[in-house]
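A.B. asks: how would this look folded up:
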Amino acid sequence: MTIESIVAAARASRDWEPMLALVPFARFLGVRLDIRGDQFSACMPFDKKLIGNPALPALHGGAIGGFMESAGLFYLLWDMDSIDLPKTINFTFEYLRSGRPVDTYAQVYMVKQGKRVAHLRVEAWQSSPDKPIAIGHGNFMLKPATGPTRDNP
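C.D. replies: Below is the predicted model of the structure:
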């Protein structure tokens, strides 16, 4: 199966598991999508392998960051008509508090969308959306640029 057919089938069936399987790190994190009508959220269930500091214990920052980036990518696949897998241009994180050893959730907000690039804000939280543990900002390439490039005139 191609990426295009997997994404199209996921949209038609509302079964997002095959689409999640497209991203190995999302599979490793156990990412789940919760889509109800036009409301999108993602969940990273707690797993002991995600602990970065066993003394506290606290989630590894890379797990939180990877979860937020994955949530942004899946949001774009869910929200847009494109069947091309978005590519991360850059993603920055602001860690606000330690992630406890419980499930973590993410809300994604479209800040700006152009023809080829989308800018997203992702908020990760655990006990309440009003108390985020991290906030991320990411730019994603929606489809490859066409025409001449520096490497291919």
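A.B. asks: contacting residues for Phe40?
C.D. replies: By CB atoms under 8 Å, 6 or more residues apart in numbering, the residues touching Phe40 are Leu33, Asp34, Tyr75, Trp78, Asp79, Gln107, Val108. Using the backbone N, CA and C atoms, a C-beta is placed for each residue, glycine as well.
A.B. asks: if we take these, which one ends up nearest to Phe140?
C.D. replies: Set against Phe140, the nearest of these by CB to CB is Tyr75 (9.4 Å).
A.B. asks: show me the contacts for that closest one.
C.D. replies: Phe40, Ala42, Val108, Met110, Leu120.
A.B. asks: Show me which residues of the biggest helix by length in the chain are buried.
C.D. replies: For the chain, the helix with the greatest residue count under DSSP state H is helix 61-79. Within helix 61-79, the residues that count as buried by 16 or more other CB atoms under 10 Å are 63-78.
A.B. asks: And stretch 5-25, by the same measure?
C.D. replies: By neighbour count on 16+ other CB under 10 Å, the buried set for stretch 5-25 is Ile6, Val7, Ala10, Trp16, Met19, Leu20, Leu22, Val23.
A.B. asks: Among these, name the ones in helices.
C.D. replies: Going by DSSP H, the helices hold Ile6, Val7, Ala10, Met19, Leu20 from those.
A.B. asks: Contacts only, for the third one.
C.D. replies: Under the criterion of CB under 8 Å, 6+ apart, the neighbours of Ala10 are Trp16, Pro18, Met19, Leu77.
A.B. asks: Excluding chain neighbours, give the residue nearest to it in space.
C.D. replies: Distances taken as CB to CB, 6 or more residues apart in numbering put Met19 closest to Ala10, at 4.2 Å, once the chain neighbours are dropped.
A.B. asks: so that neighbour sits right up against Leu73, yeah?
C.D. replies: No: with contacts counted by CB atoms under 8 Å, Met19 stays clear of Leu73, the gap being 9.9 Å.
A.B. asks: Please tell me how far the residue nearest to Ala10 sits from Lys143.
C.D. replies: Here Met19 is placed at a distance of 17 Å from Lys143 (CB to CB, to the nearest Å).
A.B. asks: ok, now Val117?
C.D. replies: From Val117 over to Lys143 the distance is 10 Å, taken as CB to CB.
A.B. asks: Most widely separated two among the contacts of Phe40?
C.D. replies: Asp34 and Asp79, at 14.5 Å, using CB to CB across the contacts of Phe40.
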